[in-house]
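In: Sequence plus the predicted model coming up.
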Amino acid sequence: MLRLAAMFALLLPQVAGATSCDTVRFEGSSFTMCEVGTGEDLRLFHAGPSGPLGSFSAVNTALAAEGKTLGFAMNAGMYHPDRAPVGLFIEQGTEQSAIVTAEGPGNFGLLPNGVFCIGDRFRVVESRAFAANPPACRFATQSGPMLVLGGQLHPRLIPDSDSTYIRNGVGVSADGARAVFVISNDQVNFHRFARFFRDALGLPDALYFDGKISRLYAPALRRNDFGFAMGPMVGTVINRN
């Protein structure tokens, strides 16, 4: 079920030009997806002059100076207690945090993990392959595990796992022209979440962003999820008027 805070989204105004988002069902579970094309202004956000932004409203406040606002947004990668990104983070072409290629604890270290890259096209690249031959990225965030890689599910995902959470992530089309951001509205395990990208959306590569704290800002759906302060975020930028 949707987290309680999302109920307050009914108070949000519609925003012209906001990214198209839809809610669909797959194997009895509800998912909301927002699709972005390469022609849209998609950015990653983390910090401002005073430190980590932490919320969708803080991003919108920062964008207001440009006469811009978010078309949609979601959290986009794991972070340390001080909200610093875990692993690679590139913002406006500048590396803010280095890539991590070693296996480690938790979901992030469940290799293979990967990098979502925003450049001339969208890419989800396995982390060690990225480190060996990094593409040009205006923005990039590392997370893990990979959900789908080359059309294959991560080998350690368990079909009947009872570890279920609200989860979010991103998948990209084979030609890199589309990125589809997904949040589950019901608690699901990794296997079902990964199969949604591969089997329902037909996307060959997909990366997990996070669970438990997963949140979505989608004015087109009158939705704004609240919660603890976030680390990296991703979203489209549109004109305010």
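Out: Arrived safely.
In: Residue nearest the middle of the chain, spatially speaking?
Out: Nearest to the geometric centre of the chain sits residue 76, at 3.9 Å (Cα atoms, centre = their mean).
In: So for the closest residue to it other than its chain neighbours, what's the pLDDT?
Out: Nearest residue to residue 76, sequence neighbours excluded (Cβ to Cβ, 6 or more residues apart in numbering): residue 234, at 3.7 Å. (Glycine included, C-beta is placed from N, CA and C.) At residue 234, the model reports a pLDDT of 98.
In: swap in residue 212?
Out: pLDDT, residue 212: 85.
In: next one: residue 35
Out: pLDDT at residue 35 comes out at 97.
In: tell me the SS of residue 63?
Out: helix (DSSP: H, G, I helix; E, B strand; the rest coil).
In: Can you tell me how far it is from residue 55?
Out: Separation of residue 63 from residue 55 (Cβ to Cβ, to the nearest Å): 13 Å.
In: residues near the residue nearest to residue 76, how many?
Out: Close neighbours of residue 234, defined as other Cβ atoms under 10 Å, add up to 23.
In: Any idea what it is bridged to?
Out: For residue 234, the beta-bridge partners are residue 44, residue 74 (DSSP bridges).
In: wait, it sits on residue 181?
Out: Yes. Residue 234 lies in contact with residue 181 (Cβ atoms under 8 Å); the separation is 7.1 Å.
In: Just the buried residues of whatever helix or strand residue 25 lives in, please?
Out: For residue 25, the enclosing helix or strand under DSSP states H and E is strand 21-26. For strand 21-26, burial by neighbour count (16 or more other Cβ atoms under 10 Å) applies to 21, 26.
In: That one: partners in the sheet, and parallel or antiparallel?
Out: Here, using DSSP bridges, strand 21-26 pairs with strand 29-37 (antiparallel).
In: What residues of the partner strand count as buried?
Out: Across strand 29-37, burial judged by 16+ other Cβ under 10 Å covers 29, 31-36.
In: Just confirm residue 81 is within a helix.
Out: No. According to three-state DSSP, residue 81 belongs to no helix; its state is coil.
In: Okay, helices next: where are they in the chain?
Out: 56-64, 127-132, 190-195 (DSSP state H).
In: can you put the ones you listed in JSON lines and add distance to residue 164 and mean pLDDT?
Out: Below are the helices of the chain laid out as JSON lines (distance: least, Cβ to Cβ, whole Å; pLDDT from 0 to 100):
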{"stretch": "helix 56-64", "distance to residue 164": "25", "mean pLDDT": "97"}
{"stretch": "helix 127-132", "distance to residue 164": "26", "mean pLDDT": "98"}
{"stretch": "helix 190-195", "distance to residue 164": "9", "mean pLDDT": "98"}
